[in-house]
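In: next input, structure requested:
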Amino acid sequence: MSKTHLNQAIAAHFVEMKSDESPDKVIYIFERGEKGEEIITYKDLYENSNKFARLLLDNGIGQGDSYGVFMRNDPEFVYALLGGNT
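Out: Sure, this is the predicted structure:
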């Protein structure tokens, strides 16, 4: 396992651990302009990144495969970033 993959695995494990220990603790606050703020907790991050990981697997994208993500810097991007590394 490369150093990059090891760091990504550690980050994914950390989020999983924190979602068990402190599920309601805020990890991010995104400004949505006129829509206000969107608050993301460890539980939100863990659950939504796992949904993205399952989406990848359901579409035949597995560990070691390359794929592209083109989206705004918002919560969904963070879910995709973490979910693609679990």
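
In: not counting the helix or strand containing Leu6 itself, show me its contacts.
Out: Element membership for Leu6, per DSSP states H and E: helix 3-21. Outside helix 3-21, the residues within contact range by CB atoms under 8 Å, 6 or more residues apart in numbering are 1, 25, 27, 42-43, 45-47, 49, 82, 85-86. Quick note: C-beta positions are derived from backbone N, CA and C, even for glycine.

In: list the buried residues of that helix.
Out: For helix 3-21, the neighbour count (16 or more other CB atoms under 10 Å) marks 8, 12, 15-16, 18-19 as buried.

In: and what of stretch 56-67?
Out: Leu56.

In: show the end-to-end separation of that stretch, please.
Out: Using CA to CA, to the nearest Å, one end of stretch 56-67 lies 9 Å from the other.

In: give me the contact list for that stretch.
Out: With CB under 8 Å, 6+ apart, stretch 56-67 has contacts from 83-84.

In: how far does that stretch sit from the chain's center?
Out: The gap between where stretch 56-67 is centred and where its chain is centred comes out at 15 Å by CA atoms, centre = their mean, to the nearest Å.

In: what about the residue of the chain positioned farthest from its centre, which SS state?
Out: Farthest-out residue of the chain from its mean C-alpha position, per CA atoms, centre = their mean: Glu34, at 24.7 Å. Using DSSP: H, G, I helix; E, B strand; the rest coil, the structure places Glu34 in helix.

In: quick check: it vs Met17, distance?
Out: 36 Å (CB to CB, to the nearest Å).

In: need the pLDDT of Val78.
Out: Looking at Val78, its pLDDT reads 87.

In: was I right about it contacting Tyr42?
Out: No - here Val78 lies out of contact with Tyr42, judged by CB atoms under 8 Å, at a distance of 12.0 Å.
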